[in-house]
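Visitor: Sequence plus predicted model, see below.
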Amino acid sequence: MVIVTLQRQKCIGCNYCVEAAPAQFAMSQKDGKSILINSYERKGFYTLKEPDNIIFEQVQKAADLCPAKIISVKIK
């Protein structure tokens, strides 16, 4: 299982996450910040739990590219 967490409030809107993992990230038309698709929000953290490890490389690349360092990726 891959667990992806996004601290959306700290997003600077650079779009790197969308370029690296377009199936998991999108940019909001409303405020220009990143959206973690199909995630749930808790205390400002948006979390996606994906049972299929196939997304790991894309979301890890998004986390590595993020200049604000607001994306974390874990495998359980």
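Guide: Perfect, I can see it now.
Visitor: Now the longest helix seen in the chain - C-alpha only, CSV.
Guide: Secondary structure assigned by DSSP state H gives helix 56-65 as the longest helix of the chain. Taking C-alpha atoms only, helix 56-65 is exported to CSV below (Å, rounded to 0.1, in the frame of the first residue of the first chain):
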residue,chain,number,x,y,z
PHE,A,56,4.8,4.7,-6.1
GLU,A,57,7.4,5.9,-8.7
GLN,A,58,5.2,8.7,-10.0
VAL,A,59,4.2,10.0,-6.6
GLN,A,60,7.7,9.7,-5.3
LYS,A,61,9.0,11.7,-8.3
ALA,A,62,6.3,14.4,-7.5
ALA,A,63,7.5,14.5,-3.9
ASP,A,64,11.1,14.8,-5.0
LEU,A,65,10.3,17.6,-7.4
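Visitor: for stretch 6-26, which positions count as buried?
Guide: Judged by neighbour count using 16 or more other CB atoms under 10 Å, the buried positions of stretch 6-26 are 6-8, 11, 16-18, 20-21, 24-25. The C-beta positions use only the backbone N, C-alpha and C, and glycine is treated the same way.
Visitor: Quick one: the strands in this protein, in order.
Guide: Using DSSP state E, the strands of the chain run over 2-6, 25-27, 34-36, 40-42, 45-50, 71-75.
Visitor: What strands flank the second one, and is each parallel or antiparallel?
Guide: When pairing is defined by DSSP bridges, strand 25-27 lines up against strand 34-36 (antiparallel).
Visitor: ditto for the last one
Guide: Within its sheet, and counting by DSSP bridges, strand 71-75 is paired with strand 2-6 (antiparallel).
Visitor: ok now the partner strand, how far from the chain's centre?
Guide: Strand 2-6 has its C-alpha centroid displaced from the chain centroid by 7 Å (CA atoms, centre = their mean, to the nearest Å).
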